[in-house]
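1. Whatever this is, show me its structure:
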Amino acid sequence: MDKLKKYSEIKLAVVIPCFNTAKHIKKVIETISDKAKHIIVIDDKCPQMSGKIAEDLNNNRVIVIYHKKNRGVGGAVISGYKKAMELNCDIIVKMDGDGQMDPEYLEKLIKPIIEKKADYAKGNRFYDFKALQAMPKIRLIGNGILSFFTKAASGYWNVTDVVNGYTAISGNALKNINLSKLNEGYFFEINMLIQIGIAGYVAHDIPIPAVYRDETSNMRIMQILAAFPFLLFIGLCKRIFYRYFIYDFNMASIYILLGLPMTVWGVAFGLYRWSVGIATGVPNNAGTIFLAVLPLILGVQFLLQAINIDIANIPFRDRKNQ
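-> Here you go, the predicted model:
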């Protein structure tokens with residue numbers, strides 16, 4: 001990381017949301033690189049008083065924010081982001097307080113932002129096969145499925161491990177994100193990807209293994225399964241609307257305008273005529289079937305073309321105005 005020494009004047013902040021992290025928060029803070037000018041700890045109404053533990057370290061880099069009520073991981077990070085913007089920080093890193101995110105990788109995480117290759121960087125545990133073997137299997141499978149749907153919702157078809165909370169964002173990009181619109185729960189990381197995808201910022205995956213020890217997860221799987229599909233669908237609709245009908249209008253926009261209604265018509269009309277045929281015992285003639293099948297085939301083809309264009313339009317630095 002010698003190359004980073006010339007960036008010593010960059011104002012770096014590390015935001016750490018805390019809830020039930022008393023066993024790990026002290027070590028996490030003590031191992032954060034000296035390059036971080038500020039360490040912003042958010043005690044999210046932690047029953048273990050993690051904020052007090054951070055305060056007692058008497059580290060002049062540490063700033064502790066206390067929430068009067070628990071707002072969730074997203075709400076805690078938003079408070080930290082707001083504080084970092086008040087301090088005019090150039091790069092803001094989000095790191096959990098449970099010890100799963102190795103501070104030794106902090107400089108690797110911020111490197112593409114410092115070198116102007118990205119506006120947002122996030123850890124990716126999937127690059128390390130040994131780390132994958134240590135990851136709980138239910139997390140591994142769920143993360144893989146979730147990553148696919150998040151690719152579609154965010155437009156970042158090149159990223160995986162979408163719930164990885166070890167992230168870094170440039171101060172300039174953060175200023176253009178409406179923090180009040182971000183989800184305050186566990187959907188926060190995915191919501192951030194969707195928001196920066198709408199804005200067209202460049203995102204990079206950085207290979208960083210996770211550390212699994214005796215930390216306690218506060219995540220509720222059933223709540224996630226119930227809420228995430230709807231939130232992903234809303235995020236997808238919002239991104240498509242802004243990226244292809246507000247900020248730009250191209251062939252993907254035309255394919256969507258043609259393909260979506262044709263596909264819906266083909267499915268709806270086909271199901272209707274099928275149910276009528278079952279109820280009456282009279283088979284549908286070739287013309288009726290043709291009215292359902294042809295729009296469906298064409299509609300699906302148009303949507304596939306739109307997806308191809310969307311994949312080709314993943315934000316890259318050379319596509320952005322500097």
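
2. what about the nearest residue to K45 once chain neighbours are set aside, neighbour count?
-> In space, K45 comes closest to N70 once its chain neighbours are excluded; the distance is 4.1 Å by C-beta to C-beta, 6 or more residues apart in numbering. All C-beta atoms are positioned from the backbone trio N, CA, C, and that covers glycine. Neighbourhood size, N70 [other C-beta atoms under 10 Å]: 16.

3. tell me the contacts of N70?
-> By C-beta atoms under 8 Å, 6 or more residues apart in numbering, the contact set of N70 is 19, 44-45.

4. pLDDT wise, what is it at?
-> With respect to pLDDT, N70 scores 94.

5. what's the answer for E9, then?
-> 78.

6. try A226
-> 72.

7. part of a helix, is it?
-> Yes - counting by DSSP: H, G, I helix; E, B strand; the rest coil, A226 falls inside a helix.

8. So which elements touch the longest helix along the chain?
-> Secondary structure of the chain per DSSP state H: the longest helix is helix 251-280. On a contact count with 3 or more C-beta pairs under 8 Å, 6 or more residues apart in numbering; DSSP states H and E, helix 251-280 meets helix 286-312.

9. how much does the helix it packs on deviate in direction from helix 251-280?
-> For helix 286-312 against helix 251-280, the angle by axes from the mean of the first three to the mean of the last three C-alpha atoms, to 10 degrees is 150 degrees.

10. Domains in the protein, by residue range?
-> Split into domains by automatic domain parsing, the chain comes to 2-244, 249-319.

11. where among those is the average confidence lowest?
-> Among those, domain 2-244 scores lowest, at a mean of 88.

12. By neighbour count, which of the contacts of N70 wins?
-> The residue in the contacts of N70 with the most neighbours, by other C-beta under 10 Å, is D44 (26 neighbours).

13. mind checking how far the helix or strand G74 falls within is from the chain centre?
-> Per DSSP states H and E, G74 falls inside helix 72-86. Offset of helix 72-86 from its chain centre (C-alpha atoms, centre = their mean, to the nearest Å): 16 Å.

14. ok, the residue nearest to K45 to D56 distance?
-> Using C-beta to C-beta, to the nearest Å, we find N70 at a distance of 22 Å from D56.

15. Check K68 too.
-> From K68 to D56 the distance is 21 Å (C-beta to C-beta).

16. Please identify which of these two sits among more neighbours.
-> Using other C-beta under 10 Å as the criterion, K68 and D56 rank with D56 on top: 12 against 6.

17. Which parts of the protein are strands?
-> 12-18, 36-43, 62-66, 91-94, 120-124, 167-170, 203-207 (DSSP state E).

18. Can you dump the C-alpha atoms of the third one in CSV for me?
-> Written as CSV, here are the backbone C-alpha positions of strand 62-66 (Å, rounded to 0.1, in the frame of the first residue of the first chain):
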residue,chain,number,x,y,z
VAL,A,62,-13.5,8.4,18.3
ILE,A,63,-16.8,10.3,18.1
VAL,A,64,-19.8,8.5,19.7
ILE,A,65,-23.4,9.1,18.7
TYR,A,66,-26.2,7.8,20.9
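
19. Which other helices and strands does it contact?
-> Contacts defined by 3+ C-beta pairs under 8 Å, 6+ apart place strand 62-66 against strand 36-43, helix 50-55, helix 72-86.

20. how about it: buried residues?
-> Buried residues in strand 62-66, counted by 16 or more other C-beta atoms under 10 Å: 62-65.

21. before we move on, what about the second one?
-> The neighbour-count criterion (16+ other C-beta under 10 Å) identifies 36, 38-43 as the buried residues of strand 36-43.
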